[in-house]
Structures are given as structure tokens and as C-alpha cells.
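Student: model this:
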Amino acid sequence: MVKETILAVQEAEAQASGLVSEARQKGKELAEQTRREAQSRSEAAEREIRESLEAVRNAAKLEEEEILSEAGREAEAEISLMRKRAEEKSEEAVRLITDILLKT
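Tutor: Numbering: from 1, shown residues only. Alright, predicted model coming up:
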């Protein structure tokens with residue numbers, strides 16, 4: 001009976017040792033899987049951030065182009081108006097000079 005108990009204890013120890021080894025292996029596998037998943041999520045997040053930044057840059061570039069285009073149109077309109085005023089002033093000056101010359 002003592003022999004049977006010793007054998008049973010030894011068998012239980014062997015089973016426990018096997019279970020511990022199996023649990024360690026499973027733990028290592030789960031840790032590796034978790035690490036890979038975390039790395040994958042991190043890479044996906046970085047990729048999403050880069051894509052978002054690129055989208056913001058593109059939007060800013062479009063906005064800048066629109067602003068510059070609008071500023072160009074406004075400048076052209078202002079230049080056109082200034083030319084028209086200059087022509088009017090030039091015509092007025094010619095009339096005044098002509099009047100002065102005719103009076104003298």
C-alpha cells in the first residue's frame with residue numbers, strides 16, 4: 001500500500017510537472033501572440049496617423065491654393081481698377097493741359 005501511494009504520488013508529480021510545462025508553453029505562446037497583435041495594432045495606428053496627416057496636408061495645400069488663387073483674382077481686379085483710374089486721371093490731365101494751352 002505504501003508502494004502504491006508512492007507510485008501514485010510520483011505519477012501525480014509527473015502529471016503536475018507535465019501540466020506546469022504545458023502551462024508555461026501556453027503562456028509563452030499567448031505572450032508571443034499578444035505581442036504580435038499589439039505590434040500589429042501599433043503599426044495600424046501609425047499607418048492611420050500617417051494617412052490622416054497626409055490628408056490634412058493635402059487639404060491644407062488645397063486651401064492654400066484656393067487662397068492664393070482668390071488673392072490673385074483680387075489683385076488682378078485691383079490692378080485693373082487702378083489702371084482704369086490712371087487712364088481716367090491721364091485723360092483728365094490731357095483735358096486740363098489742353099484747356100490751359102487753349103487759354104494761353
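
Student: work out for me the element the residue nearest in space to the middle of the chain sits within.
Tutor: Central residue of the chain (C-alpha atoms, centre = their mean): Leu53, 1.1 Å from the mean position. Secondary structure from DSSP states H and E places Leu53 in helix 2-103.

Student: if you count contacts, what does that helix end up packed against?
Tutor: The contact analysis (3 or more C-beta pairs under 8 Å, 6 or more residues apart in numbering; DSSP states H and E) places helix 2-103 against no helix or strand. Glycine gets a C-beta too; all of them are placed from N, C-alpha and C.

Student: quick one: it to chain centroid distance?
Tutor: The chain centre lies 0 Å from the centre of helix 2-103; the measure is C-alpha atoms, centre = their mean, to the nearest Å.

Student: show the average pLDDT along it.
Tutor: For helix 2-103, the mean per-residue pLDDT is 94.

Student: hmm, back to that, gap between the residue nearest to the centre of the chain and Ala45?
Tutor: 13 Å (C-beta to C-beta, to the nearest Å).

Student: same question for Ser90.
Tutor: In terms of C-beta to C-beta, Ser90 sits 66 Å off from Ala45.

Student: just Ser69 next, same as before
Tutor: 36 Å.

Student: Glu4 now?
Tutor: Applying C-beta to C-beta to Glu4 and Ala45 gives a distance of 60 Å.

Student: if I pick Ala86, what's in contact with it?
Tutor: With contact set as C-beta atoms under 8 Å, 6 or more residues apart in numbering, Ala86 has no partners.
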